[in-house]
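A.B. asks: show me the folded form of this:
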Amino acid sequence: MSLAPELRQRIDELLQANRIVLFMKGEPRAPQCGFSAKAVAALSSLEVPYAHVNVLADGEIREGIKAYGNWPTIPQLYIGGELVGGSDSIEQMANSGELHAALGLPPPDRTPPAITITAAARPTLRKASEDAGGDLAGQVDIDPNFRTRLALATRDPAAIVVDCEGIPVQVAVAAARRADGLVIDYADDARGKGLVGENPNAPPPVRPLSPTDAQARCADGGLRLVDVRPPEERALAEVGVPHSTLDDGPGALEGLPKDTPLAFLCHHGNRSAQDAEHFRQLGFTEVYNVQGGIDAWAEHVDGTIPRY
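C.D. replies: A predicted model of the protein is given here:
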């Protein structure tokens, strides 16, 4: 594909205005492909601000950036106007420390995390390794949202290796601090059957909250209620306690102290559950979803609220 001068100028100006630019599918908060998610995870672990371009929202840029740097896939990372590469390159450089150097950051902390494999889990891991053959290690992947995946993988010289009672476990540099304190156990209970991870660093799950309890905690000032419904829907049935909204986006709430108790409300509790999970993943430690939404609030707390 040839690159039109006007499009080349658009990309030039974008790269000149921003030292770090990630061309990706989706937004950092909601990547639209696994490769973009990997790139975002690697950059997020460095805690550096960067500009991003959602190529799904700009067809010209989506195709033009491929021709601009002669790189056929998305995502693409540029630093100082120079192409770094795609998700694999970004991840490898983050693990090796090259990305830190390129960004002028101190070398990554390669202190091995404390990982425990319980006696119940060791036989399963050892048998899996023997059955697979080869020089393998347990691979722990923990993304920024603390989703954890355990697999067998070939040895990665750039990874941090932890010896767990004779079982080698490797973790990428970017995930090492998230893995500190991880316990790998074998379960045969309500958690399921198989290997499970217990991570003390993960934010607590979103908790259900009844409308009655939500109203009482709002009344004594111990809870911030967030009505996620749009203005036209709130006008149909307004909750009768002070509350915040997302009309101007989530930015103001995202800047609150992470120990701020937040409860999310919608019509029946489905949309609010998604917003509550977003704030939990940001690290908020006390997040609730109001069960049944405004409909249940009208039934159990305030019968004057219309039901729709």
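
A.B. asks: could you find the closest non-adjacent residue to residue 269?
C.D. replies: Once flanking residues are discounted, residue 269 sits nearest to residue 293: 4.5 Å by CB to CB, 6 or more residues apart in numbering. (C-beta placed from N, C-alpha, C; glycine too.)

A.B. asks: I'd say that neighbour and residue 273 touch.
C.D. replies: No: taking CB atoms under 8 Å as the contact criterion, residue 293 and residue 273 are not neighbours in contact, 9.7 Å apart.

A.B. asks: which one's more surrounded, these two?
C.D. replies: Looking at residue 293 and residue 273 with other CB atoms under 10 Å, you find the greater number of neighbours at residue 293, namely 25 against 19.

A.B. asks: now that one: how far from residue 210?
C.D. replies: From residue 293 across to residue 210, the span is 12 Å (CB to CB, to the nearest Å).

A.B. asks: do the same with residue 28
C.D. replies: From residue 28 across to residue 210, the span is 34 Å (CB to CB).

A.B. asks: repeat that for residue 17.
C.D. replies: Distance from residue 17 to residue 210, counting by CB to CB: 49 Å.

A.B. asks: those two: who's more crowded?
C.D. replies: Counting neighbours by other CB under 10 Å for residue 17 and for residue 210 shows that residue 210 has the greater number, 16 against 9.

A.B. asks: from residue 22, how far out is the closest residue to the more buried one other than its chain neighbours?
C.D. replies: Take residue 210 and drop its neighbours on the chain: the residue closest to it by CB to CB, 6+ apart is residue 291, 5.7 Å away. From residue 291 across to residue 22, the span is 38 Å (CB to CB).

A.B. asks: go on, residue 123?
C.D. replies: Between residue 123 and residue 22 the computed distance is 43 Å (CB to CB).

A.B. asks: more neighbours: the two, which one.
C.D. replies: When residue 123 and residue 22 are compared on other CB under 10 Å, the one with more neighbours turns out to be residue 22, at 24 against 10.

A.B. asks: could you verify my assumption that the more buried one touches residue 75?
C.D. replies: Yes: using CB under 8 Å, residue 22 is in contact with residue 75, at 5.9 Å.

A.B. asks: so what's in contact with the two at the same time?
C.D. replies: Common neighbours of residue 22 and residue 75 (criterion: CB atoms under 8 Å, 6 or more residues apart in numbering): residue 39.

A.B. asks: can you spell out the domain ranges of this structure, please?
C.D. replies: Taking automatic domain parsing as the domain assignment, the record places the domains of the chain at 6-102, 116-198, 207-300.

A.B. asks: okay if I get these as TSV plus mean pLDDT and distance to residue 308?
C.D. replies: Rendered in TSV, the data for the domains of the chain read as follows (pLDDT from 0 to 100; distance: least, CB to CB, whole Å):
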stretch	mean pLDDT	distance to residue 308
domain 6-102	93	29
domain 116-198	90	34
domain 207-300	95	5
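
A.B. asks: nearest to residue 306, of the ones you listed?
C.D. replies: Nearest to residue 306, of all the domains of the chain, is domain 207-300, at 4.9 Å by CB to CB.

A.B. asks: how long is that closest one end to end?
C.D. replies: By CA to CA, to the nearest Å, the extent of domain 207-300 from end to end equals 19 Å.

A.B. asks: now do stretch 280-300
C.D. replies: Start and end residues of stretch 280-300 are separated by 27 Å (CA to CA).

A.B. asks: show me what counts as buried in it.
C.D. replies: Of all the residues in stretch 280-300, those buried under the rule 16 or more other CB atoms under 10 Å are 280-282, 284, 286-298.

A.B. asks: return the subset of these lying in strands.
C.D. replies: Within these, membership in strands is found for 287-290, as judged by DSSP state E.

A.B. asks: quick check, nearest of those to residue 108?
C.D. replies: Checking these against residue 108 by CB to CB gives residue 287 as the nearest, at 30.1 Å.

A.B. asks: I figured that closest one hits residue 278, correct?
C.D. replies: No: assessed by CB under 8 Å, residue 287 is found out of contact with residue 278, at 9.3 Å.

A.B. asks: quick one: the helices in the stretch 151-300 of the chain?
C.D. replies: Using DSSP state H, counting those that start in this stretch, the helices assigned to the stretch 151-300 of the chain run over residues 211-219, 231-234, 251-254, 270-281, 293-300.
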